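In: Kindly return the folded structure for what I paste below:
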Amino acid sequence: QVQLAESGGGVVQAGGSVRLSCVASERGFSSYDMGWFRQVPGKEREFVAAIDSWSGGSTYYADFVKGRFTISRDNAKNTMYLQVNSLKPEDTAIYLCARRVRYSASRYSTDQYDSWGLGTQVTVSS
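Out: Okay, the predicted model is just below:
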């Protein structure tokens with residue numbers, strides 16, 4: 001199973017930006033559709049964005065993103081990114097990346113993914 005490691009989180013003021021990275025442990029990364037999710041303690045993990053397997057692949061976003069987030073990937077570096085702009089306090093969460101391995105339901109469903117990383121904390125101060 002591929003291992004994924006997120007980084008790039010931190011404490012940011014409202015209106016600021018962060019760039020999150022998700023590095024995969026194997027070259028097979030380029031074969032997989034990937035996703036970003038986020039989770040707040042006590043709440044369900046929620047879909048943020050997804051990208052198809054090839055570099056420059058189709059991208060998909062949760063409605064709440066509203067043009068503030070950009071997902072991308074560099075298959076040569078086994079890395080996926082999430083550029084997050086215009087941060088709001090409600091964006092505070094642990095951000096996790098995962099590999100999509102099932103196509104039995106919507107890409108927005110967590111059960112379509114595996115190889116979850118440990119996540120990176122993003123805290124937005126007002």
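In: Which strand residues bridge Tyr60?
Out: Beta-bridge pairing of Tyr60 under DSSP bridges involves Ala50.
In: Kindly tell me how buried it is, as a neighbour count.
Out: 17 (other CB atoms under 10 Å). Every C-beta, even on glycine, is put in place using the N, C-alpha and C of the backbone.
In: residues in contact with it?
Out: By CB atoms under 8 Å, 6 or more residues apart in numbering, the contact list for Tyr60 reads Ala49, Ala50, Ile51, Arg107.
In: Quick check: pLDDT value at it.
Out: At Tyr60 the predicted local confidence, pLDDT, stands at 96.
In: Give me the distance between it and Pro89.
Out: Per CB to CB, to the nearest Å, Tyr60 is found 25 Å from Pro89.
In: Would you map the helices across this structure?
Out: Counting by DSSP state H, no segments of the chain form helices.
In: Distance of the residue most central in space within the chain relative to Phe69?
Out: Centre of the chain computed as the mean C-alpha position; nearest residue by CA atoms, centre = their mean is Trp36, 2.1 Å away. With the distance defined as CB to CB, Trp36 ends up 8 Å from Phe69.
In: again, but for Pro89
Out: Relative to Phe69, and taking CB to CB, Pro89 is found at 16 Å.
In: These two: who's more crowded?
Out: Comparing Pro89 with Phe69 by neighbour count (other CB under 10 Å), the higher total belongs to Phe69, at 21 against 11.
In: Surely the residue nearest to the centre of the chain touches Ile71?
Out: Yes. With contact defined as CB atoms under 8 Å, Trp36 reaches Ile71; the gap is 6.3 Å.
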